[in-house]
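Asker: kindly generate the corresponding structure for this input.
(one chain, ligands or ions: 2)
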Amino acid sequence: MKTLQAVRGMNDVLPEDSALWQYFERTVADLLTTYGYQQVRMPIVEPTELFKRSIGEVTDIVEKEMYTFEDRNGDSLTLRPEGTAGCVRAMLQHGLLGGGVAQKVWYNGPMFRHERPQKGRYRQFHQIGVETFNLTGPDIDAELIVLSWRLWQRLGISNAVKLELNSLGSAEDRARYRDDLVAYLQARFDQLDEDSQRRLASNPLRILDSKVPETQALLTDAPKLADYLNDEARAHFDGLRALLDEVGIPYVINPKLVRGLDYYGLTVFEWVTDQLGAQGTVCAGGRYDGLVTQLGGKPAPAVGFAMGIERLLLLIETLDCVPAELARQVDVYLVTLGDVAARAGLRLAEQLRDALPSLRLVVHAGGGSFKSQFKKADKSGALYALVLGEDEVAAQQIGFKPLRSGEEQETLSWQDVPARLAESI
Ligand code: ATP
Ligand code: MG
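Answerer: Numbering: from 1, shown residues only. Ligands and ions are numbered 1, 2, ... in the order given. Model (predicted):
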């Protein structure tokens with residue numbers, strides 16, 4: 001029989017890789033906690049309507065990337081392609097956005113998009129997202145960038161990422177700009193690539209980040225969004241830039257950065273790297289003041305970002321920034337010979353766990369000779385083996401064997417083991 005495979009583009013995280021995931025998730029969670037952000041956990045499945053109304057009907061995600069299905073009641077449901085829409089839905093549903101109360105939250109979990117799988121691009125991938133509500137900025141826009149910068153520093157990758165920044169202005173600014181851009185490109189319609197020709201009618205701003213060189217050349221003399229910003233939008237952008245200068249975070253302004261989703265306005269930003277080939281954006285976000293009303297709530301300004309965990313882990317590995325201590329997952333390996341020793345061993349192991357709660361102690365299971373057990377102990381990466389045979393049990397002693405140095409095995413009495421381990425590990 002053919003063995004079953006995972007769905008294409010959906011990956012398993014195997015035991016040898018999960019320590020890096022845990023390290024990453026722990027680092028982000030700890031950092032966000034120190035900035036006063038609290039986690040929300042939303043369902044993975046949402047009504048399809050939510051994504052249509054938030055991300056926008058004529059975006060890549062909604063047009064061709066969503067996993068949408070009918071459940072047994074005939075309701076149209078979708079595996080979430082991103083977290084912002086569900087997060088806003090949850091905050092609204094539970095009345096957390098009312099009264100202008102500031103909210104700072106984050107989420108972590110799988111997202112689903114039917115894209116062409118390749119390095120750094122999968123059909124199930126994972127994001128940690130951060131969202132804030134009822135804060136108009138630009139101070140909060142700056143905080144989000146500052147805390148992500150601190151995260152890159154903690155992870156050791158700050159030299160390999162750079163910040164790109166743009167302002168999309170207000171909805172009216174974008175509407176005026178869109179008209180002029182469309183007029184400009186309409187006059188040059190035949191020179192546009194096919195995708196851009198299609199987008200001209202549906203989502204013309206997305207033409208700005210077309211990868212086609214001829215289209216890019218055409219855009220050189222096109223109207224610039226920056227020239228359409230009203231005074232308020234310009235002040236917001238200048239304010240953000242001043243704050244980034246204040247804390248010394250370098251950035252480049254990318255006037256063609258528009259982001260693929262409909263809900264963004266004013267600030268947009270991306271952290272990009274040149275270390276991962278075509279999939280260079282590791283973190284992206286922006287301000288979405290209109291989304292809450294679009295989803296039926298009272299106005300609540302918002303700004304947030306999401307980082308792609310797989311791409312960041314690839315970057316950490318590429319840069320050799322995996323902390324050395326992750327390589328070893330076991331401190332001590334207990335080997336026993338015979339039933340009497342196995343029983344005493346279990347009791348002793350539990351006493352050790354009482355005394356040293358963070359001790360990573362593996363109790364050998366499955367029996368076997370000392371020789372075969374020592375092989376397993378060695379392979380586990382443990383620093384020490386504890387060796388218990390019937391004679392040791394009778395004498396209330398245990399063998400203490402260093403596995404990573406040439407030192408001799410010692411004999412310890414049971415009550416001395418916790419102190420000895422505490423000083424050695
Ligand atoms: P891209 O331009 O690479 O398609 P995007 O603009 O669609 O990215 P966002 O929706 O902003 O991405 O998601 C935020 C982050 O999530 C991205 O910067 C990236 O790190 C990650 N990401 C997005 N799509 C994928 C995917 N299919 N596989 C892995 N990571 C992804
Ligand atoms: Mg995409």
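Asker: phi and psi next, for residue 5.
Answerer: Main-chain dihedrals, residue 5, degrees, to the nearest 10: phi -120, psi 160.
Asker: which ones are touching residue 417?
Answerer: 348, 352, 386, 398, 400 (C-beta atoms under 8 Å, 6 or more residues apart in numbering). Glycine gets a C-beta too; all of them are placed from N, C-alpha and C.
Asker: angles on the backbone of the closest residue to ligand 1 within the stretch 51-200 of the chain, please.
Answerer: At 3.4 Å from ligand 1, residue 125 is the closest residue in the stretch 51-200 of the chain, using C-beta to the nearest ligand atom. Per-residue torsions, residue 125: phi -130, psi 180 (degrees, to the nearest 10).
Asker: secondary structure element holding residue 304?
Answerer: Take DSSP states H and E as the rule and residue 304 turns out to sit in strand 302-308.
Asker: for residue 261, same thing?
Answerer: Using DSSP H and E, residue 261 sits in no helix or strand.
Asker: which residues of the stretch 101-250 of the chain fall in strands?
Answerer: 103-112, 124-133, 162-167 (DSSP state E, counting those that start in this stretch).
Asker: flag every residue of this protein that's near ligand 1.
Answerer: The chain comes close to ligand 1 at residues 82, 113, 115, 120-122, 125, 127, 260, 279, 281-284, 306, 308, 310-311, as judged by C-beta under 6 Å from any ligand atom.
Asker: which other residues reach the strand holding residue 304?
Answerer: Residues from elsewhere that reach strand 302-308 (C-beta under 8 Å, 6+ apart): 28, 82-84, 87-88, 120, 125-135, 137, 140-141, 144, 148, 267, 269, 271, 281-289, 291-292.
Asker: picking that back up, mean neighbour count, distance to residue 248 and mean pLDDT added to the strands of the stretch 101-250 of the chain, as a markdown table?
Answerer: Output for those, formatted as a markdown table (neighbours: other C-beta atoms under 10 Å; distance: least, C-beta to C-beta, whole Å; pLDDT from 0 to 100):
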| stretch | mean neighbour count | distance to residue 248 | mean pLDDT |
| --- | --- | --- | --- |
| strand 103-112 | 19 | 23 | 98 |
| strand 124-133 | 22 | 21 | 98 |
| strand 162-167 | 21 | 12 | 97 |
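Asker: make TSV out of those strands and add distance to residue 202.
Answerer: What follows is the strands of the stretch 101-250 of the chain, written out as TSV (distance: least, C-beta to C-beta, whole Å):
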stretch	distance to residue 202
strand 103-112	23
strand 124-133	25
strand 162-167	21
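Asker: centre of the chain to the strand holding residue 304, how far?
Answerer: Chain-centre distance of strand 302-308: 10 Å, with C-alpha atoms, centre = their mean, to the nearest Å.
Asker: what lines up beside it in the sheet?
Answerer: Its sheet considered, strand 302-308 pairs with strand 124-133 (antiparallel), strand 281-287 (antiparallel) by DSSP bridges.
Asker: just so I know, which of those strands lies nearest residue 357?
Answerer: strand 124-133 (27.9 Å; C-beta to C-beta).
Asker: neighbours of residue 346, how many?
Answerer: Counted with other C-beta atoms under 10 Å, residues neighbouring residue 346 total 13.
Asker: and the residue nearest to it when sequence neighbours are not counted, backbone torsions?
Answerer: Of all residues beyond its chain neighbours, the one nearest residue 346 is residue 363 (6.7 Å), with distances taken as C-beta to C-beta, 6 or more residues apart in numbering. Dihedral angles of residue 363 (phi, psi; degrees, to the nearest 10) stand at phi -90, psi 120.
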